[in-house]
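# can you look at this prediction? I've put the sequence above it.
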Amino acid sequence: MDISSSLKEEVTPSLALSKSCDLSKLIFADTKPHFKKSNQSLIREFDNDKWGKMLKLFKNCSNRKLEYLEKIEDGEEDKFVFYKNKYYRVDPSFLRKYIKSLLIKSVKRLSNIESIDHIVELGSGYGSKLLSIALSSRKLSKKKYIALDISNSALELINSLFNEKNINLQTKLFNYRDELITSLKLPNPSLLITSYGLHYKKEFTLLDIKNFISSGFVAGIHFEPCSDLIENLNNKLYSSLSIKYMIYNDYTLNISSPFIKAHEERLINLKISSQCLGVGLLPGNLITWSVKKR
Ligand SMILES: C[S@@+](CC[C@H](N)C(=O)[O-])C[C@H]1O[C@@H](n2cnc3c(N)ncnc32)[C@H](O)[C@@H]1O
């Protein structure tokens, strides 16, 4: 995706930031979580609220397609993106299309994709990214897909979308705050995908990556907000506010560090894109890894 042609107009930091959050509340808040995330709060946020409401609309509509759900999720209002030290107005669908294009390109570029039968998404939601990967080529549509999520409503939606396209999907209700991925007995070799799916964990550590590897994942592609990369941005106003926003919302911090440690311990080959981009105060980086052959 050509980012530059998707940027509508440059806007002031004040407009972009105040449209992305309650700016004065964030600035004057103590540097601690506004409320702590818990299993109950995540089920309320996603299963009852976000995906639960979408499931009701989906069941009552005649156009049961991915695009219908994506339009609901995107909303109607333009969003604001921080890109190369400036702020821009973008279409509501900008981030979704951007992440999809990165994930699809990265999956196709994996050197061992031919030998991987299973593609697993952790925190799949209704499958916007996973189904788009599956539909992006004939070869990818023949793979087997596994969706893991804490929300039953999300899994019902993704099941329906994959069924309609006749693509092989297994779903599993899974809470990564409480359960170990190793308990799932996933097929080996598998590819792990996440997109804004890791930052609801209590913490993300090297052990999580070791568990990914012992679960049969031979590679991973992630688009995640990483406070440990955000803090290196040159624009200190944006990086400080973004990190405060992550703390305020009790999102998992330092997601890139365990990948870097795993690379230093020669467990994985690692690539982290230098481009840190996203709407509002939660930008993400693309992280790709593959298990190092011994
Ligand atoms: C921001 S959404 C992203 C959905 C999808 N990856 C995408 O990009 O469209 C985060 C997803 O993570 C799921 N999730 C949140 N906490 C979780 C947990 N503890 N275990 C498993 N999934 C979780 C939510 O239900 C939701 O579907």
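Arrived safely. Numbers count the residues shown, from 1 in each chain.

# after the longest helix seen in the chain, next one along is what?
With DSSP state H setting the assignment, residue counts place helix 94-109 as the longest helix in the chain. For helix 94-109, the succeeding helix or strand toward the C-terminus, using DSSP states H and E, is strand 118-122.

# neighbouring contacts of the next helix or strand after that following strand?
Reading on from strand 118-122 to the C-terminus, the next helix or strand found by DSSP H and E is helix 128-134. The contact list for helix 128-134 (C-beta atoms under 8 Å, 6 or more residues apart in numbering) reads 66, 69-70, 73, 96, 99-100, 103-104, 107, 119, 121, 124, 140-141, 143, 145, 147, 158, 161-162, 165, 167, 193, 195. All C-beta atoms are positioned from the backbone trio N, CA, C, and that covers glycine.

# within reach of the ligand, which of those residues are there?
Ser124, Ser195 (C-beta under 6 Å from any ligand atom).

# and the contacts of helix 128-134, which of them are buried?
If you count burial by 16 or more other C-beta atoms under 10 Å, the buried members of those come out as 66, 69-70, 96, 99-100, 103-104, 107, 119, 121, 124, 140-141, 143, 145, 147, 158, 161-162, 167, 193, 195.

# how far away is the residue nearest the centre of the chain from Asn85?
Among the residues of the chain, the one closest to the centroid is Ser195, at 1.5 Å (C-alpha atoms, centre = their mean). Here the distance between Ser195 and Asn85 works out to 24 Å (C-beta to C-beta, to the nearest Å).

# ok, now Leu157?
Applying C-beta to C-beta, one obtains 38 Å for the distance of Leu157 from Asn85.

# equivalent analysis for Val107, please.
30 Å.

# so which strand or helix has Asn159?
Secondary-structure assignment from DSSP H and E places Asn159 in helix 152-164.

# centre of the chain to that helix, how far?
Relative to the centre of its chain, helix 152-164 is centred 18 Å away, using C-alpha atoms, centre = their mean, to the nearest Å.

# give the buried residues for that helix.
Asn152, Ser153, Ala154, Leu155, Glu156, Leu157, Ile158, Asn159, Ser160, Leu161, Phe162.

# find the nearest non-adjacent residue to the fourth one, please.
To tie it back to what came earlier, the one meant is Leu155. Beyond its immediate neighbours in the sequence, the residue positioned closest to Leu155 (C-beta to C-beta, 6 or more residues apart in numbering) is Thr171, lying 4.2 Å away.

# could you say which helix or strand contains Asn166?
For Asn166, there is no enclosing helix or strand under DSSP H and E.

# where along the stretch 1-150 of the chain do the strands fall?
Per DSSP state E, counting those that start in this stretch, the stretch 1-150 of the chain carries strands over the ranges 9-11, 79-83, 86-90, 118-122, 144-149.

# could I get the ones you listed as JSON lines with mean pLDDT?
Below are the strands of the stretch 1-150 of the chain laid out as JSON lines (pLDDT from 0 to 100):
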{"stretch": "strand 9-11", "mean pLDDT": "97"}
{"stretch": "strand 79-83", "mean pLDDT": "96"}
{"stretch": "strand 86-90", "mean pLDDT": "96"}
{"stretch": "strand 118-122", "mean pLDDT": "98"}
{"stretch": "strand 144-149", "mean pLDDT": "98"}
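
# among those, which comes closest to Leu207?
Go through these one by one with C-beta to C-beta and the one that ends up closest to Leu207 is strand 118-122, at 15.3 Å.

# relative to strand 144-149, how tilted is that closest one?
Angular relation of strand 118-122 and strand 144-149 on a 0 to 180 degree scale: 10 degrees, by axes from the mean of the first three to the mean of the last three C-alpha atoms, to 10 degrees.

# how far does strand 118-122 sit from its chain's centre?
12 Å.

# tell me which other helices or strands that strand touches.
Helices and strands touching strand 118-122, by 3 or more C-beta pairs under 8 Å, 6 or more residues apart in numbering; DSSP states H and E, are helix 128-134, strand 144-149, strand 190-195.

# in contact with the closest residue to Gly125 other than its chain neighbours, which residues?
The shortest distance from Gly125 to any non-neighbouring residue, by C-beta to C-beta, 6+ apart, is to Ala154 (5.1 Å). Neighbour list for Ala154: Phe46, Asp47, Trp51, Ser124, Gly125, Tyr126, Gly127, Ala147 [criterion: C-beta under 8 Å, 6+ apart].

# what does the helix-or-strand element of the chain with minimal mean pLDDT contact?
Across the helices and strands of the chain, the lowest-confidence element by mean pLDDT, DSSP states H and E is strand 278-279, at a mean of 90. By C-beta under 8 Å, 6+ apart, the list of residues contacting strand 278-279 from outside reads Ser20, Lys79, Phe80, Val81, Phe82, Val90, Phe94, Leu95, Pro225, Gly284.
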